[in-house]
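K.L.:
take this sequence and fold it.
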Amino acid sequence: MTTDRPLLLLDVDGPLNPFRSRLAGLRGYTSHRMRPAVWMSYRSPDSRSARRGLKVRLHPSHGARLLALPFDLAWATTWMNEANTMVAPHIGLPGDLPFIEWPELFARDPDGLSWKTRPLLAWAAGRPFAWVDDMINARDRAWVAAHHPAPALLLRIHPRRGLRDRDFTALGSWADGISTGAR
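P.N.:
Numbering: from 1, shown residues only. Alright, predicted model coming up:
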């Protein structure tokens, strides 16, 4: 990773996998059956859902579009390194992106933050970052603004829509804005 570019912290379910969409196929998404470890841990190994796997919808152009943005990409997802092996090949991302290893999945936060917010901020280590996730809320934005010394964009992506053109535009504009501000 180069340290002069901001981080782009990517969640899978919601932004890349619009899991609540009924019409994702009509928008160019392809469906895949996968068995990520976290998802499997909530199922009996011999259950029908475990045998079939999780239906994951991915857009084959998203990888190239993400790589074209002026960011260092990293995974901020419960999939952790499995995003590199299961998701990245289907969207054209490299299979060795860094990822956040969460200290505890789905931990309840005493201040009502997303369970990812505090560990994500620690992982960013003061670097500017954009975070795309379907679970970002107003408390997360306020907490990050008060506790992170660098610019941060928290972009909530609706899990019915996934990343859209306007989201890619917003990410690029934000990164260009902080690059211009640093000059």
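
K.L.:
tell me where the protein has helices.
P.N.:
Using DSSP state H, the helices assigned to the chain run over residues 37-40, 48-52, 62-68, 82, 88-91, 117-124, 138-147, 165-182.

K.L.:
tell me the mean pLDDT for the first one?
P.N.:
The average of the pLDDT scores along helix 37-40 is 87.

K.L.:
and that helix, what does it pack against?
P.N.:
Helices and strands touching helix 37-40, as assessed by 3 or more CB pairs under 8 Å, 6 or more residues apart in numbering; DSSP states H and E, are absent. The way it works is simple: take the backbone N, C-alpha and C, and place the C-beta from them, glycine included.

K.L.:
rebuild the helices of the chain as TSV, extending it with mean neighbour count and distance to R27.
P.N.:
Below are the helices of the chain laid out as TSV (neighbours: other CB atoms under 10 Å; distance: least, CB to CB, whole Å):
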stretch	mean neighbour count	distance to R27
helix 37-40	15	23
helix 48-52	12	23
helix 62-68	16	12
helix 82	20	25
helix 88-91	18	14
helix 117-124	19	28
helix 138-147	15	27
helix 165-182	14	11
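
K.L.:
closest one to V132 among the ones you listed?
P.N.:
Nearest of the helices of the chain to V132, taken as CB to CB: helix 165-182 at 7.1 Å.

K.L.:
re the thing from before, in JSON lines, list the helices of the chain along with distance to D4.
P.N.:
Shown next, in JSON lines, are the helices of the chain (distance: least, CB to CB, whole Å):
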{"stretch": "helix 37-40", "distance to D4": "33"}
{"stretch": "helix 48-52", "distance to D4": "44"}
{"stretch": "helix 62-68", "distance to D4": "17"}
{"stretch": "helix 82", "distance to D4": "29"}
{"stretch": "helix 88-91", "distance to D4": "24"}
{"stretch": "helix 117-124", "distance to D4": "15"}
{"stretch": "helix 138-147", "distance to D4": "21"}
{"stretch": "helix 165-182", "distance to D4": "9"}
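
K.L.:
Y29: which of those helices is closest?
P.N.:
Using CB to CB, the nearest of those to Y29 is helix 62-68, at 9.3 Å.

K.L.:
distance between that closest one and the chain's centre?
P.N.:
13 Å (CA atoms, centre = their mean, to the nearest Å).

K.L.:
do the same with stretch 93-110
P.N.:
The answer for stretch 93-110 is 10 Å, by CA atoms, centre = their mean.

K.L.:
what are the buried residues along it?
P.N.:
Buried positions in stretch 93-110, judged by neighbour count with 16 or more other CB atoms under 10 Å: L93, L97, F99, I100, W102.

K.L.:
that older thread, among the helices of the chain, which is nearest P15?
P.N.:
P15 sits nearest to helix 165-182 of all the helices of the chain, at 7.8 Å, using CB to CB.

K.L.:
residues contacting that closest one, please?
P.N.:
Under the criterion CB atoms under 8 Å, 6 or more residues apart in numbering, residues 5-6, 8, 15, 65, 69-71, 128, 130, 132, 151, 153, 155, 157 lie in contact with helix 165-182.

K.L.:
brilliant, that's me finished.
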